[in-house]
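Enquirer: The amino acid sequence is not available; the structure is as follows:
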Ligand SMILES: Nc1ncnc2c1ncn2[C@@H]1O[C@H](COP(=O)(O)OP(=O)(O)O)[C@@H](O)[C@H]1O
Ligand SMILES: [Mg+2]
């Protein structure tokens, strides 16, 4: 039983993963991603001027904003496309559990981002060559960045379960990712706290604690925080459960 | 092989399938006849485990579809309406994927693919992208998918829809031949198909079974009606009259 579960998940994963490479969208997105992450770093982040070549402040700073747009662009086809083509019906009448399909597809999209992130390694090499960076923040920065991407992807997976339109899925996912980012944006949180009565500060702080940004910052500071990784893992689990509910509602 | 009892499906206030019961044994080909919107597809979607029935029971080879769907689905091959396919795959890679999900791998997988390519006359388009196939080929590719694991039970939703007369004839022939050692349900609104391929037929109208029997007995069902066509029209009402 266990073995066939894994085999099913792998079969779904393989098809999904290969399908990304059949689509020009992936290549466009990866190029935009590389240009954006490099561009932001060099031009807006004054990467070369900063006296210590710390990746944390410059390179990773812009990643959330890149993911907010690009992760939904990669993930919008996850379930929307199955609904549109009608292959969802075919898949759900095959001897596999919906969870195997949900996980297989999500892991395929996650691996695509891992490759994208790996391609940014040239910047790490530049930093190593220019300065003498501390590897700690670099590693946690990469973990934080990847977790952010996965969080956005999981949100997109959930949205795609409910609609057959990739455009609707994209717009809804971007909006949700922006929301989950902004409620924890330090400047915004502080000004909200200042305008609201003090008694509500606890609530605002709590909501901001739920945001992606809060946990992202903690991690990029260079302290490897299991708690923050666990936060993103729970976001992913919740989003996949919502995906499952969405798929089930289509079969009700 | 297929035992369906008191199947009912509601979509909100609308009753799409109402108290449908039937059994299909090995060697039988059951035709679902009915006008558009009668509930043929909805019934098949419940039998294949895609829709959850509002009430009723479905047993597939003795296995309860609602209690043990993954096991029950193993013995079913299904051709959904409109023959959905992954548009970014080739015919062979699509069939390979379907084989893998059904636990057929390695050499057995290549053999299974070759077998269904033969049966469905698909060798010529083996490595063609599904996207560029004509409608008849798309249909046959999805049909091939449904028999890749040589299932005991075949459920085909309008398998001849959109095919030209030659292809229709081939598919009917295929169904008839496979019907000898499988339990098959297929839906259609083309009456000649009942004579051509079915050992039994059920006429469904607005979710209810209004007639069930051999094509011969159905023909004699309504006094004064000589052909199946007339029987069909006297028992069912078209969409327009609802
Ligand atoms: N997912 C759904 N939601 C709501 N109504 C549906 C759904 N699927 C089918 N129906 C309705 O159920 C009825 C039966 O449809 P269907 O089974 O597709 O008919 P047939 O296949 O016999 O043409 C139709 O009136 C249709 O509008
Ligand atoms: Mg139908």
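Expert: Received the coordinates, thanks. Computed from a predicted structure; not experimentally measured. Residues are numbered from 1 along each chain as shown, chains lettered A, B, ... in the order given. Ligands and ions are numbered 1, 2, ... in the order given.

Enquirer: Any chance of the backbone angles for residue 190?
Expert: As the question left the chain open, I've gone with chain A. phi -60, psi -40 (degrees, to the nearest 10).

Enquirer: Please refer instead to chain B.
Expert: phi -100, psi 120.

Enquirer: can you check residue B:174 too?
Expert: phi -60, psi -50.

Enquirer: Can you report how many residues neighbour the nearest residue to it once chain neighbours are set aside?
Expert: Sequence neighbours aside, residue B:119 is the residue nearest to residue B:174 in space, at 6.9 Å (criterion: CB to CB, 6 or more residues apart in numbering or on different chains). Placement of C-beta: from N, CA and C, glycine included. A count of nearby residues for residue B:119, using other CB atoms under 10 Å in any protein chain shown, gives 15.

Enquirer: Correct me if wrong: residue B:119 contacts residue B:173.
Expert: No - counting by CB atoms under 8 Å, residue B:119 stays clear of residue B:173, with 11.0 Å between them.

Enquirer: list the contacts for the residue nearest to residue B:174?
Expert: B:144, B:147, B:174 (CB atoms under 8 Å, 6 or more residues apart in numbering or on different chains).

Enquirer: What values do phi and psi take at it?
Expert: Dihedral angles for residue B:119 - degrees, to the nearest 10 - are phi -60, psi -30.

Enquirer: and if you look at residue B:75?
Expert: Torsion angles, degrees, to the nearest 10, at residue B:75: phi -90, psi 10.

Enquirer: roughly how far apart are the closest residue to it other than its chain neighbours and residue A:186?
Expert: Nearest residue to residue B:75 in three dimensions, chain neighbours excluded: residue B:152, at 4.8 Å (CB to CB, 6+ apart). According to CB to CB, to the nearest Å, residue B:152 and residue A:186 sit 63 Å apart.

Enquirer: what about these two, which has more around it?
Expert: residue B:152 (18 against 11).

Enquirer: Against residue A:168, how distant is the nearest residue to residue B:63 once chain neighbours are set aside?
Expert: In space, and not counting its chain neighbours, residue B:63 is closest to residue B:72: 4.4 Å by CB to CB, 6+ apart. In this view, residue B:72 and residue A:168 are 34 Å apart by CB to CB.

Enquirer: which one of these two has more residues nearby?
Expert: residue B:72 (23 against 15).

Enquirer: burial measure for the residue of the stretch 1-150 of chain A found nearest ligand 2, as a count.
Expert: Proximity of the stretch 1-150 of chain A to ligand 2 (CB to the ion) peaks at residue A:89, 11.9 Å away. As a burial measure, residue A:89 scores 23 neighbours (other CB under 10 Å).

Enquirer: Could you give the average pLDDT over the helix or strand encompassing it?
Expert: Using DSSP states H and E, residue A:89 sits in helix A:87-92. Mean pLDDT, helix A:87-92: 96.

Enquirer: Next, see if that helix gets close to chain B.
Expert: Yes - under the criterion of CB under 8 Å from any CB of the partner chain, helix A:87-92 makes contact with chain B via A:87, A:89, A:90, A:91, A:92.

Enquirer: List the contacts of that helix.
Expert: Residues contacting helix A:87-92 (CB under 8 Å, 6+ apart): A:79, A:81-82, A:98, A:101, A:247, A:250-251, B:45, B:49-50, B:78, B:80, B:84-86, B:101, B:142, B:145.

Enquirer: That one close to ligand 1?
Expert: No - when contact is scored as CB under 6 Å from any ligand atom, no part of helix A:87-92 falls within range of ligand 1; the minimum is 10.6 Å.

Enquirer: Identify each buried residue in the helix or strand that comes right after that helix, please.
Expert: The element immediately downstream of helix A:87-92 (helix or strand, assigned by DSSP H and E) is helix A:98-119. Judged by neighbour count (16 or more other CB atoms under 10 Å in any protein chain shown), helix A:98-119 contains these buried residues: A:98-110, A:112-113, A:116-117.

Enquirer: Relative to the whole chain's centre, how far out is helix A:98-119?
Expert: 10 Å (CA atoms, centre = their mean, to the nearest Å).
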